[in-house]
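Undergrad: Return atomic coordinates for the entry below.
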Amino acid sequence: MASIQNPPKAAWRVLNTAALKSSRYAGAAARLAALRILRRDLKTCRIRDVMQNQGTDSPSREATFSVRNLTMADAASALVVLLDVAPLIPIRNLSPEAVAALRAAIEGPFCNPYSVIATAQNGDVAGFQFAKLAEDFESPGEPPCIKLVYTGVAAPYRCKGVFRCLVKTIMQHRLPLFAEVLPDNQSNMATILPRLGFVAGTHPIGPVFWWRP
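TA: Below you'll find the model as predicted:
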């Protein structure tokens, strides 16, 4: 979960250009004092991605959101985000029948203990990661692993640590994760996943990225 508090408006007013030009804030000393006020107040605005069960926390960048398990009630909102990012994955077939099948999957097999969704403070869906348990994916007798299927981050929340927080939450299951990245994927997943500890590999289904606890 990540949280943020808005900087006090007074700090921003101190840095306002008009205010700095006024007699009260004129001069280098006043400008320096204003910057100190802002720096002090911004200390309350740091964001932390709290990684439960691991006893650690890691910094994020600029988002206000919380992560929880996907529920059937999230299907419609998650589908809107999925359709928005479909060209990047890519999902080419967006016929009415295909969209209906995607919603059925969200409400059905994707609605499990491994799929997660990030919601903003205003209730909007910031992003999601659909996942499912894939038993005997490597070979019979091997422990189960989690397949990361579809992921999506709403436009206002991109580049703010949402995807990282979603994947880190799934990692807490302490099971191997893998994701298939299509050659024409335009969401830069082949670069992003290694930053989270994934390693490129091969499999009969095609190129995959693995993460192992």
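Undergrad: where does Met171 sit relative to Ala100, distance-wise?
TA: The spacing between Met171 and Ala100, counted by CB to CB, to the nearest Å, is 32 Å. C-beta here means a position set from N, CA and C on the backbone, and glycine is covered the same way.
Undergrad: Between these two, which has more neighbouring residues?
TA: Neighbour count, other CB atoms under 10 Å: between Met171 and Ala100, Met171 has more, with 18 against 11.
Undergrad: which ones are touching the more buried one?
TA: The contact partners of Met171, by CB atoms under 8 Å, 6 or more residues apart in numbering, come to 177, 211, 213.
Undergrad: burial measure for the first one, as a count.
TA: Same thing as Leu177. Count around Leu177 with other CB under 10 Å applied: 24.
Undergrad: Could you do the last one as well?
TA: Other residues within reach of Pro213, judged by other CB under 10 Å, total 10.
Undergrad: what's the pLDDT at it?
TA: pLDDT for Pro213: 91.
Undergrad: Not counting sequence-adjacent ones, nearest residue to it?
TA: Arg174 (4.6 Å; CB to CB, 6 or more residues apart in numbering).
Undergrad: three-state assignment of that neighbour?
TA: The local conformation at Arg174, judged by DSSP: H, G, I helix; E, B strand; the rest coil, is coil.
Undergrad: Leu82: how many residues sit nearby?
TA: 22.
Undergrad: ok, it to Thr202 distance?
TA: Leu82 is 27 Å from Thr202, by CB to CB.
Undergrad: picking up where we left off before, with the contacts of Met171 in mind, which one is nearest to Thr119?
TA: Distance to Thr119 across these (CB to CB) is lowest for Leu177, with 22.1 Å.
Undergrad: quick one: contacts for that closest one?
TA: Leu177 touches 131, 145-148, 167, 170-171, 198, 210-211, counting by CB under 8 Å, 6+ apart.
Undergrad: who's it bridged to?
TA: Applying DSSP bridges to Leu177 gives these bridge partners: Ile146, Trp211.
Undergrad: how close does it sit to Ala120?
TA: Leu177 is 25 Å from Ala120, by CB to CB.
Undergrad: residues contacting the closest residue to Leu70 other than its chain neighbours?
TA: Nearest non-adjacent residue to Leu70, counting by CB to CB, 6+ apart: Ser115, 4.0 Å away. By CB under 8 Å, 6+ apart, the contact set of Ser115 is 69-70, 128-132.
Undergrad: what about 6 Å?
TA: Listed by CB atoms under 6 Å, 6 or more residues apart in numbering, the contact partners of Ser115 are 70, 130-131.
Undergrad: Same check on Val153?
TA: 127, 162-163.
Undergrad: do Tyr114 as well
TA: Contacts of Tyr114 by CB under 6 Å, 6+ apart are 131, 146.
Undergrad: helix/strand/coil for it?
TA: coil.
Undergrad: For it, report the pLDDT, please.
TA: Reported pLDDT for Tyr114: 96.
Undergrad: domains of the protein?
TA: Domains of the chain are assigned by automatic domain parsing as 9-45, 61-211.
Undergrad: Going by mean pLDDT, which of those comes out lowest?
TA: The bottom spot among the domains of the chain, by mean pLDDT, belongs to domain 9-45, with a mean of 40.
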